[in-house]
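In: just coords:
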């Protein structure tokens, strides 16, 4: 039989942790966009036109007031043979210190049927007022298949980095202005591998500028322009595109 004091101690622990689980929150989201761009680049390379609709959605689970969270996000894509979907798994910890809202975690990009694209990054972000600065660092052997490590190239994409500065500010009731600029720095392995074909891949800058209107009940409409420089190397995938996204948060 369980000792009475032990039972009482377990009861106290259960009662203490109850508020944490009671305040845990599961949310879901779904969106339809006219073109899915990731770090300024089209994720549908099968078509050169600007209109390349993608359906997207996922789930987020926050562990109460602890700051810990996990989530999954998915999108239709078309840039890897044998694959038509991107599925992201992530988890992290959010906290506030020094007047800054911090967010640290890990994220894995999975491309079912095309393992060569799978990539894992660690990230850290700080938000102060309308500004968010975020850095993502690749820890997987390759970075979205750029080094062709899975094909036995002998080169790796690990330590590729991405820095992003984002701005979001409500400028009118329900209307938010959004802007961002990012910088991708490819590691030496990727640069060495691409140089074998006679062209050394350049680091590049991406950008986004638009507005989002909140209709209430979790429905929002975004309209803006997204793209990147170095179009002479990357071609149409870096071209500036007018993008419209309708989303719903549940």
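Out: Perfect, thanks for sending it. Please read these numbers as outputs of a predicted model, since none were measured by experiment.

In: Just checking, which helix or strand of this structure averages the lowest pLDDT?
Out: helix 4-22 (a mean of 41; mean pLDDT, DSSP states H and E).

In: Now the element after that one, going C-ward?
Out: Following helix 4-22 in sequence order, the next helix or strand is strand 25-33 (DSSP states H and E).

In: pLDDT weak spots in the chain?
Out: By pLDDT under 70, the weakly predicted segments of the chain are 1-22.

In: Tell me where it has helices.
Out: Secondary structure of the chain (DSSP state H): helices at 4-22, 188-195, 231-234.

In: Please, where are all the strands along this structure?
Out: 25-33, 37-38, 41-42, 54-62, 68-76, 85-97, 100-110, 119-128, 131-138, 161-172, 175-185, 204-216, 219-228, 241-249 (DSSP state E).

In: wait, which of the ones you listed is closest to residue 151?
Out: strand 119-128 (15.2 Å; CB to CB). Heads up, the C-betas are built off the backbone N, CA and C, glycines and all.

In: for that closest one, which positions count as buried?
Out: By neighbour count with 16 or more other CB atoms under 10 Å, strand 119-128 contains the buried residues 119, 120, 121, 123, 125, 126, 127.

In: same check, this time on stretch 143-152
Out: By 16+ other CB under 10 Å, the buried positions in stretch 143-152 come out as 143, 144, 145, 146, 147, 148, 149.

In: What's the end-to-end length of that stretch?
Out: End-to-end distance of stretch 143-152 (CA to CA, to the nearest Å): 14 Å.

In: now stretch 33-49
Out: End-to-end for stretch 33-49, by CA to CA: 14 Å.

In: quick one: contacts of that stretch?
Out: Stretch 33-49 is contacted from outside by 50-54, 56, 75-79, 86, 162, 182, 184, 204-208, 226-228, 234, 236-239, 241-246, using CB atoms under 8 Å, 6 or more residues apart in numbering.

In: Weed out the non-buried ones from those residues.
Out: The buried subset of those - by 16+ other CB under 10 Å - is 52, 54, 56, 75-79, 86, 162, 182, 184, 204-206, 208, 226-228, 234, 237-239, 241, 243, 245.

In: For residue 229, grab the count of nearby residues.
Out: Other residues near residue 229 come to 16 when the count uses other CB atoms under 10 Å.
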